[in-house]
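In: no sequence on this one, just coordinates:
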């Protein structure tokens, strides 16, 4: 398990006791402190992977503590989960703006806290396994794009995604494109109702990012807070984590580029969805045509069988008449009458046979039309 050490920070001893009770049966090393100052004094020596940080504390609140943690290179990597009695969108956005990865609202149950820690544990495991891959991929991307301008990167991206035919590859391509601008990003694709896909450089999006996507996806095209920007389209939401606030001109260019890139990506995403729907329709059409074709052949076989049976019946009838009429003692007029009736019946059968041929010809034309449809 990647998650082994947790630091809990709360000025209320009772709250710390609750956390200790919840985590008692889990294999975590838990340290508890009662203020933001104590947290900053012990964090580097204790080296926790997760900090459960109370928001409302005297002298130094949780937001201030988180800012200091994220500003220190030695502690910036530690996952911070805010613990607060309030969970409004504004407070969650403020928490994310200072760098927190998750948020839990008091009072919380045993299962809720354990579930969130299990999710954070998966985040840590993914980060550990992908760190080297991300480092290698980042190095390769920067070397490849070193001599390209921003518009060149966009053109290359647009040309490359035209060949992509699945959503996973498109999401990864979008993240890698933004990485070539030195942008850290999280992406949500909403192609399937209630089952969005998420992409990031680390392989997973933190729980607080997913919550922000869900809360803000219908709240307008752009949201900017701190050095982050959230871009919403109908099927795609994109969160940039490190906008270049130190350079206003570059910030404006990147914001325009990002909106254009998301717009182009959404069009390709729709093309992938339409292609999948057409392929499904083609499969259904092929199955229907195959079934109809099979039915036609079955009918033609049945007609052929009926024709053979009729021929056999008439042949036997002619043979019996030729054999028995001379011995039946009929006069000439009676024999002529019987032969005429037989001939008339045979002629009527021949006429029906011509109709059968017409039906076969019609079936053949339909079969040719179906074959033409299948080939398109």
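Out: Yes, it's here. Bear in mind the structure is a predicted one, so any value in this text is a computation, not a measurement.
In: remind me which residues of the stretch 1-150 of the chain are low pLDDT?
Out: 1, 131-132, 134-148 (pLDDT under 70).
In: mind listing the helices for the stretch 101-250 of the chain?
Out: Taking DSSP state H, counting those that start in this stretch as the test, the helices found in the stretch 101-250 of the chain are 110-145, 150-161, 167-179, 207-216, 248-324.
In: turn those helices into JSON lines, including mean neighbour count and distance to residue 230.
Out: Any C-beta I mention is one placed from the backbone N, CA and C, and that applies to glycine too. Formatted as JSON lines, the helices of the stretch 101-250 of the chain follow (neighbours: other Cβ atoms under 10 Å; distance: least, Cβ to Cβ, whole Å):
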{"stretch": "helix 110-145", "mean neighbour count": "14", "distance to residue 230": "20"}
{"stretch": "helix 150-161", "mean neighbour count": "15", "distance to residue 230": "20"}
{"stretch": "helix 167-179", "mean neighbour count": "19", "distance to residue 230": "13"}
{"stretch": "helix 207-216", "mean neighbour count": "18", "distance to residue 230": "6"}
{"stretch": "helix 248-324", "mean neighbour count": "13", "distance to residue 230": "10"}
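In: is it possible to export those helices to CSV including distance to residue 29?
Out: Formatted as CSV, those follow (distance: least, Cβ to Cβ, whole Å):
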stretch, distance to residue 29
helix 110-145, 13
helix 150-161, 45
helix 167-179, 34
helix 207-216, 22
helix 248-324, 41
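In: between those, which gets nearest to residue 100?
Out: With Cβ to Cβ as the measure, helix 207-216 is the member of the helices of the stretch 101-250 of the chain nearest residue 100 (6.3 Å).
In: rewinding a little: how about the helices of the stretch 101-250 of the chain, which one is nearest residue 222?
Out: For residue 222, the closest of those is helix 248-324, at 7.5 Å, according to Cβ to Cβ.
In: beta partners of the residue nearest the centre of the chain?
Out: By Cα atoms, centre = their mean, the mean C-alpha position of the chain lies nearest to residue 197, the distance being 4.9 Å. Beta-bridge partners recorded for residue 197 (DSSP bridges): residue 189.
In: quick one on the thing from earlier: of the helices of the stretch 101-250 of the chain, which approaches residue 81 most closely?
Out: Comparison of those against residue 81 by Cβ to Cβ identifies helix 110-145 as nearest, at 6.7 Å.
In: quick one, what contacts the residue nearest to residue 12 when sequence neighbours are not counted?
Out: Nearest residue to residue 12 in three dimensions, chain neighbours excluded: residue 54, at 7.6 Å (Cβ to Cβ, 6 or more residues apart in numbering). Counting by Cβ atoms under 8 Å, 6 or more residues apart in numbering, residue 54 touches 9-12, 15, 62, 82-84.
In: try residue 92
Out: For residue 92, the contacting residues are 103, 208, 211-212, 215, by Cβ under 8 Å, 6+ apart.
In: measure residue 180 to residue 205 for me?
Out: The spacing between residue 180 and residue 205, counted by Cβ to Cβ, to the nearest Å, is 20 Å.
In: of those two, which one has the most company?
Out: A count of neighbours by other Cβ atoms under 10 Å puts residue 205 above the other of residue 180 and residue 205, at 22 against 19.
In: pretty sure that one sits against residue 198.
Out: Yes: assessed by Cβ atoms under 8 Å, residue 205 is found in contact with residue 198 at 4.3 Å.
In: now do the shared contacts for those two.
Out: Common neighbours of residue 205 and residue 198 (criterion: Cβ under 8 Å, 6+ apart): 186, 188, 213.
In: quick check: the second one vs residue 59, distance?
Out: What it means is residue 188. 38 Å.
In: and what of the first one?
Out: The gap separating residue 186 from residue 59 is 33 Å, by Cβ to Cβ.
In: compare the two (neighbour count), which wins?
Out: Of the pair residue 186 and residue 59, residue 186 is the one with more neighbours under other Cβ under 10 Å, namely 25 against 9.
In: am I right that that one is in contact with residue 211?
Out: No: at 11.7 Å, residue 186 does not count as touching residue 211 under the criterion of Cβ under 8 Å.
In: who's in contact with residue 2?
Out: Per Cβ under 8 Å, 6+ apart, neighbours of residue 2: 49, 121, 124-125, 128.
In: okay if I get those residues as CSV plus distance to residue 36?
Out: Converted to CSV, the contacts of residue 2 look like this (distance: Cβ to Cβ, whole Å):
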residue, distance to residue 36
49, 19
121, 25
124, 24
125, 29
128, 28
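In: before we move on, back to that, and the residue nearest to the centre of the chain, what is it in contact with?
Out: Per Cβ under 8 Å, 6+ apart, neighbours of residue 197: 167-168, 171, 188-189, 191.
In: quick check: the farthest pair among these?
Out: Pairwise distances across the contacts of residue 197 peak at 13.3 Å for 168 and 188 (criterion: Cβ to Cβ).
In: just checking, residue 236 touches residue 264?
Out: No: Residue 236 is beyond contact range of residue 264, at 10.4 Å (criterion: Cβ under 8 Å).
In: sorry, back to before: just curious, which of the contacts of residue 2 is nearest to residue 292?
Out: The closest of these, once distances to residue 292 are taken by Cβ to Cβ, is residue 125, at 53.3 Å.
In: leaving out chain neighbours, which residue sits closest to the closest one?
Out: Closest residue to residue 125 apart from its sequence neighbours, by Cβ to Cβ, 6+ apart: residue 2 at 4.6 Å.
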